[in-house]
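Visitor: This is the structure alone, sequence omitted:
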């Protein structure tokens, strides 16, 4: 009995101390509390001292709010957040929700001055008498407690967070004093609004708006009685009573709240009975917040925007400030994503190159508006994962540069040749110009050394002996730039760069914005920039080609068009396009890449069956382990890559079956180009068919029929009319005859090949074969210079671009395309 008497004595002492303090503070005079017992003498003075020493200033930190990432059409893509919370004013919370919360937590909330003295006295006596823990906090005290805990956790102070909820009387006294201070600063409605926005409702839902949307898919102002009662019941033990994980406990707590509301006459008998009959299934419609990119319908886009936003100084001076804004600031970010185009690109990519295919082939596409720099879509044949990087799952975005979550890049092969053409047009050459190139073809390779390179390595020559082959055999001699582009003749482009100056071509590439995926400049050695031996992303190549589509204007990449916070716009810098190439130079370069679409590797993938003008170039990297198609119209540019991201050193894309198709050689024209065509046709559907402009006459040169020929050397005639071919051949000192037709990708009726083609004696009879369309077909021996779609690739045996990239030519040996 003595111990019990002592305990009750302790209660009276503490309570007396508090009441004495309350008297000194003038609380009784203000009518804030109603005393149950008196306090006098030393007891009161002791209480005054204790209470006065407690801090009274109470401030609340701004609550973390959920941010939103939107597509261009307003669709919510993701909601990056530290906590799933959306702050709403009290008038956006259903009155029945306010009633329910007050009824179960503090039914005298609107009557007391921050401290419910009746409840406090009852709870203190009960706790010490029975050894139990009975809650006694007013709603204001609860708001103080969770605010202190939230502030501590937000600053990373776990000790302070634990102190905020510690079960001792000193903490309770602090809470009481803070509550009294808060009631002087805020109205009851303001306190209730703060509480409802701050309190945790379980299952990662913070605040009533987030909880309403999570559990019921409604806004807080649309909550019904039964829904409101369910939420109000969760705040006591949110971790063990939420209706998703603990439905029986949640239902029981809901009914406790309904009973309490009925007992307090807050609801009628009819309302009470009807609400209790409601089942959880009737009320609930659970939706998960898109709080991480894993939950987003466009996870790679979400990841890209997060990485992109974290580089924006508008969101903060430091990375930590930007993270705080993005994950706690409740910003709304409107992006350039076209969801319909994104869905179609994803469908087309995975149709041609299925996710998790046994051949371990990867693919990615990147689509942009060249006139604004806006990124419209990108897709790849993987499922998004933050833990795996194999078997069709990865967190690496193959379409992007590394700083935006992309890979280390991929060799880009003969797509590099466009930049040599730009330089040629800048240097006074024309669309009818020719170069004198070394012979190469089959197993025969042309050799280039630093010593014989004009200016050596100082002029961006090869770093060592460099052996280059052509997929389409070339006997050496003159070849027009137009035909060299269509046939992707590697030695012709090496000759062109030698003539122009290697560093000059590389500088053009850099000026147009192409860079390695890791952000570094394209390498100085010849194989890296002439035949695409360096590692770039589809993003990088697309925007560089976009300069040509936009008549020489380079528009920086734009992925975010608007940011708002708290209903106000965040100022974004204006996107400025720079004229980096003369318009006529860009238009002249277009002519080569247009010709490639009608006479070269793009012939089977013209847009709208050839009625929409387009320009593009294939690329195939060393050993056929990467293939590309990059093409554009005046309105749109798309880059498509297909390759071997998992084992690029050992994997060769030959004799491969993927997507239900068998590919003897998976060059750019065979797989990347059809994907490009499908995406471009879809994206441009319904848009006007805009034609490319013509450059000034000085870029067009003389008519091909009157070009200079060298006696005794075969001129380039594939793709020309029979009359043109006969004229050129006879001017070079040869006899001619038409030998019939052959299957070819060259348009029907034009020259598909000649025989013989390798250094025939002057005066020899040259047989001309015309195209009847269809697939390519070998000519009778001796073999002729027949157009070969494989010749558009980027390297090695893939025909074009990379022949020997890294094969003593100065390119470091490393696996391309790794994250």
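Guide: On my side now, so go ahead. Computed from a prediction, not measured in an experiment: that's the story for all the values here.
Visitor: contacts, neighbours, all on C-alpha from now
Guide: Will do.
Visitor: For the stretch 201-350 of the chain, which segments are assigned as strands?
Guide: 331-335 (DSSP state E, counting those that start in this stretch).
Visitor: And for residue 571, the neighbour number?
Guide: 11 (other CA atoms under 10 Å).
Visitor: show me the residues around it that make contact.
Guide: Contact partners of residue 571, counting by CA atoms under 8 Å, 6 or more residues apart in numbering, are 314, 563.
Visitor: again, only using 10 Å
Guide: Counting by CA atoms under 10 Å, 6 or more residues apart in numbering, residue 571 makes contact with 314, 315, 562, 563, 564.
Visitor: Closest one of those residues to residue 334?
Guide: Set against residue 334, the nearest of these by CA to CA is residue 562 (5.1 Å).
Visitor: need the contacts of residue 571 in CSV with neighbour count and pLDDT, can you?
Guide: Below are those laid out as CSV (neighbours: other CA atoms under 10 Å; pLDDT from 0 to 100):
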residue, neighbour count, pLDDT
314, 15, 94
315, 23, 94
562, 16, 96
563, 20, 97
564, 16, 96
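Visitor: pLDDT-wise, which helix or strand of this protein ranks last?
Guide: helix 27-30 (a mean of 38; mean pLDDT, DSSP states H and E).
Visitor: quick one: low-confidence parts of the stretch 651-800 of the chain?
Guide: 702-709, 744-747, 757-758, 773-800 (pLDDT under 70).
Visitor: residue boundaries of the strands in it?
Guide: According to DSSP E, counting those that start in this stretch, the strands that the stretch 651-800 of the chain contains are 654-658, 661-665, 735-742, 751-755, 765-771.
Visitor: before we move on, back to that, can you tell me which two in the contacts of residue 571 are farthest apart?
Guide: Between all members of those, the farthest pair (by CA to CA) comes out as 315 and 562, at 12.2 Å.
Visitor: Overlap in contacts, the two.
Guide: What both residue 315 and residue 562 touch, as defined by CA under 10 Å, 6+ apart, is the set 570, 571, 572.
Visitor: Return the per-residue confidence for the second one.
Guide: So the one you mean is residue 571. For residue 571, the model assigns a pLDDT of 92.
Visitor: Dihedrals phi and psi, it?
Guide: phi -70, psi 130 (degrees, to the nearest 10).
Visitor: any idea how far it lies from residue 71?
Guide: Note on residue 571: its distance to residue 71, by CA to CA, to the nearest Å, is 19 Å.
Visitor: now swap in residue 514 and tell me
Guide: 27 Å.
Visitor: Neighbour count for those two, which is higher?
Guide: Counted by other CA under 10 Å, residue 514 and residue 71 do not tie: residue 514 has more neighbours, with 26 against 22.
Visitor: which residues touch the more buried one?
Guide: 416, 419, 506-508, 520-522, 536-537, 539-545.
Visitor: Which ChimeraX command selects the buried ones in these?
Guide: Under the burial definition 16 or more other CA atoms under 10 Å, those of these that qualify are selected in ChimeraX by:
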select :416,419,506,507,508,521,522,536,537,539,540,541,542,543,544,545
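Visitor: From the contacts of residue 514, which land in strands?
Guide: residue 536 (DSSP state E).
Visitor: so where does residue 598 fall, helix or strand?
Guide: helix 583-599 (DSSP states H and E).
Visitor: Could you look over the strands of the stretch 651-800 of the chain and pick the most buried one?
Guide: strand 751-755 (a mean of 27; mean count of other CA atoms under 10 Å).
Visitor: How many residues are close by the nearest residue to residue 449 once chain neighbours are set aside?
Guide: Excluding the flanking residues, the one nearest residue 449 by CA to CA, 6 or more residues apart in numbering is residue 465, at 4.6 Å. Per other CA under 10 Å, the neighbour tally for residue 465 reads 16.
Visitor: so residue 88 makes contact with residue 190?
Guide: No. Using CA atoms under 10 Å, residue 88 is not in contact with residue 190; the gap is 11.7 Å.
Visitor: who touches both of those two?
Guide: By CA under 10 Å, 6+ apart, the residues touching both residue 88 and residue 190 are residue 196.
Visitor: ok, which stretches of the stretch 451-600 of the chain are helices?
Guide: Applying DSSP state H, counting those that start in this stretch to the stretch 451-600 of the chain gives helices spanning 481-487, 490-500, 502-511, 526-529, 538-549, 583-599.
Visitor: Now do the buried residues in the second one.
Guide: Within helix 490-500, the residues that qualify as buried are 490, 491, 492, 493, 494, 496, 497, 498, 500, counting by 16+ other CA under 10 Å.
Visitor: Could you chop the chain up by domain?
Guide: 2-53, 84-283, 719-786 (automatic domain parsing).
Visitor: Quick check: end-to-end length of the longest one?
Guide: Meaning domain 84-283. Start-to-end, domain 84-283 (CA to CA) is 21 Å.
Visitor: how far is it from where the chain is centred?
Guide: 39 Å (CA atoms, centre = their mean, to the nearest Å).
Visitor: Same check on the last one?
Guide: Relative to the mean C-alpha coordinate of its chain, domain 719-786 is positioned 49 Å out (CA atoms, centre = their mean).
Visitor: mind checking how far the residue nearest to residue 329 when sequence neighbours are not counted is from residue 642?
Guide: Computed as CA to CA, 6+ apart, the closest residue to residue 329 that is not its neighbour in sequence is residue 65, at 5.5 Å. For residue 65, the distance to residue 642 equals 41 Å [CA to CA].
Visitor: Between these two, which is the more surrounded one?
Guide: Neighbour comparison, residue 65 and residue 642: the larger count goes to residue 642, with 29 against 26 (by other CA under 10 Å).
Visitor: Alright, that wraps it up for me.
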